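K.L.:
Predicted model follows, preceded by the sequence.
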Amino acid sequence: MRKLLESLRFLCTVMVLLTVSLFAVFCFQNLEDHMAAGINRRFPPQDISVNREEESRPQTREENPLISYTENDNKQVPTHRDSKLGQTCENEDDFEQWICENEHDFDRLSKRLAKTKVGGHIFMRDSITLEFTKKPQLRAVYEYIQQNMKHASRFCETGFNGGHSSMMWAKLFLGKIEIISFDMCYNNGGCDIGLEEIHRLYPDMKHTLIREDSTINLPNYTKENPNIKCEFIFVDGGHTGDVPEKDLYNFKPMAKDNHIVVMDDCVWNLTNSDYTNWIGKAINKGVEDKLICPITCKPMYIPKMKRNTSTCFHKYCK
């Protein structure tokens, strides 16, 4: 009799536990449905077209939903959309619109150059905000060209590096200009990648890359080609020693009557590293010797970076 009572007690206990469990599941399901309904009332679903290939691709914690990915590649590359807003480019500001429309090609070039470790270029991005860190420099050059050089035909530069600046010139003129670049190209194939990307965008644009020391080859080039003149001269080659000064002086014979001379990494108080000190020294000497006449200087980095370097515009004095 005792064993029978114990069996009945155990069976009752099991039935009570099952009943409680089923009731808890039922309450939880109702609560979840109620919460979902409340969320849908606050944030009604939108009709959004979904790329089925992207939907099936596994997501990783590091991925940013505002950034597209190339096939079989986990590197983040902002698309042609505004990478901060995640929407199609619609900016009232002409410069912001231009940046937004072209940033895909800028990022494609930077991505291809990543393995070569080419650094210091104008399309660098902040790793968190994705903002172009040198946007003030980009804007300054963009606006000067739009206001003063809409009909320029030839750009000349020292420092091709990975082709970032040349791509900007090409983009501004839709490939309808000529570019002459001087660079030693000791950058693990960076020059070749830059040329490939620019040629991919503008296969008919004339671009001459002279792969030699500009301090030697630039004066030789001007002597051999006295009729080749440039409206836009960008001094951005070697930043140390007497290289900036020599490039600045050696470019003068190539300056067209209506020209501009641009130098970045300019420092006037000479308190930064040697990398920028030599640029400031070259500019100061050029002004003292009345080689160049200053026009204006613009900040080179976004203000929050607290850099005191600038992009400076000059003309060769007559």
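P.N.:
Sure, I can see it. None of the values given here were measured: they were computed from a predicted structure.

K.L.:
Which pLDDT value belongs to the nearest residue to residue 303 once chain neighbours are set aside?
P.N.:
Closest residue to residue 303 apart from its sequence neighbours, by C-beta to C-beta, 6 or more residues apart in numbering: residue 136 at 8.0 Å. C-beta: built from backbone N, CA, C; applies to glycine. For residue 136, the pLDDT comes out at 94.

K.L.:
Next, count neighbours for residue 136.
P.N.:
Using other C-beta atoms under 10 Å, residue 136 has 19 neighbouring residues.

K.L.:
cool, residue 15 as well?
P.N.:
Around residue 15 there are 10 residues (other C-beta under 10 Å).

K.L.:
Now do the same contact list for residue 214.
P.N.:
158, 182, 183, 184, 237, 238, 243, 246, 247, 250 (C-beta atoms under 8 Å, 6 or more residues apart in numbering).

K.L.:
Looking at the residues you listed, which gets the smallest pLDDT?
P.N.:
residue 238 (89).

K.L.:
Mind checking what secondary structure it has?
P.N.:
What DSSP: H, G, I helix; E, B strand; the rest coil gives for residue 238 is coil.

K.L.:
With residue 145 instead?
P.N.:
What three-state DSSP gives for residue 145 is helix.

K.L.:
ditto for residue 151
P.N.:
Three-state assignment for residue 151 (three-state DSSP): coil.

K.L.:
pretty sure residue 108 is touching residue 197, no?
P.N.:
Yes - with contact defined as C-beta atoms under 8 Å, residue 108 and residue 197 form a contacting pair (6.8 Å).

K.L.:
Those two: which has the busier surroundings?
P.N.:
When residue 108 and residue 197 are compared for neighbours, residue 197 comes out ahead with 23 against 18, by other C-beta under 10 Å.

K.L.:
Now do the helix or strand harbouring the more buried one, average pLDDT.
P.N.:
Residue 197 belongs to helix 190-201 when assigned by DSSP states H and E. Across helix 190-201, pLDDT averages out at 96.

K.L.:
buried sites along it?
P.N.:
Neighbour-count burial for helix 190-201, counted by 16 or more other C-beta atoms under 10 Å, picks out 190, 191, 193, 194, 195, 197, 198, 201.

K.L.:
Equivalent analysis for stretch 244-255, please.
P.N.:
So for stretch 244-255, counting by 16+ other C-beta under 10 Å, buried means 244, 245, 246, 247, 248, 249, 250, 251, 252, 253, 254, 255.

K.L.:
Now do it: everything it contacts.
P.N.:
Residues outside stretch 244-255 that contact it (C-beta under 8 Å, 6+ apart) are 156, 158, 214-215, 218-219, 222, 226, 228-230, 233, 235, 237-238, 261, 263, 278-279, 281-283, 285-286, 291-292, 316.

K.L.:
Restricted to strands, list those residues.
P.N.:
The members of those that map onto strands under DSSP state E are 156, 158, 230, 233, 235, 261, 263, 292, 316.

K.L.:
Which of the residues you listed lies at the shortest distance from residue 164?
P.N.:
Nearest to residue 164 among the ones in strands among the contacts of stretch 244-255 is residue 158, at 13.9 Å by C-beta to C-beta.

K.L.:
ok so, going back, is it possible to mark the buried ones in the contacts of stretch 244-255?
P.N.:
Here, 16+ other C-beta under 10 Å leaves 156, 158, 214-215, 218, 222, 228-230, 233, 235, 237-238, 261, 263, 278-279, 282-283, 285-286, 291-292, 316 buried among these.

K.L.:
could I have the helix holding residue 197 exported to PDB, CA atoms only?
P.N.:
Below are the C-alpha coordinates for helix 190-201, written out as PDB (Å, rounded to 0.1, in the frame of the first residue of the first chain):
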ATOM      1  CA  GLY A 190      52.100  50.800 -56.600                       C
ATOM      2  CA  CYS A 191      52.800  52.900 -59.700                       C
ATOM      3  CA  ASP A 192      51.600  50.100 -62.000                       C
ATOM      4  CA  ILE A 193      48.400  49.600 -60.000                       C
ATOM      5  CA  GLY A 194      47.700  53.300 -60.200                       C
ATOM      6  CA  LEU A 195      48.300  53.400 -64.000                       C
ATOM      7  CA  GLU A 196      46.000  50.300 -64.400                       C
ATOM      8  CA  GLU A 197      43.100  51.900 -62.500                       C
ATOM      9  CA  ILE A 198      43.400  55.200 -64.300                       C
ATOM     10  CA  HIS A 199      43.600  53.600 -67.700                       C
ATOM     11  CA  ARG A 200      40.600  51.400 -66.800                       C
ATOM     12  CA  LEU A 201      38.500  54.500 -66.200                       C
END
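
K.L.:
Between helix 190-201 and the next helix-or-strand element following it, find me the angle.
P.N.:
Later in the chain than helix 190-201, the nearest helix or strand by DSSP H and E is strand 206-210. Angle, strand 206-210 to helix 190-201, by axes from the mean of the first three to the mean of the last three C-alpha atoms, to 10 degrees: 180 degrees.
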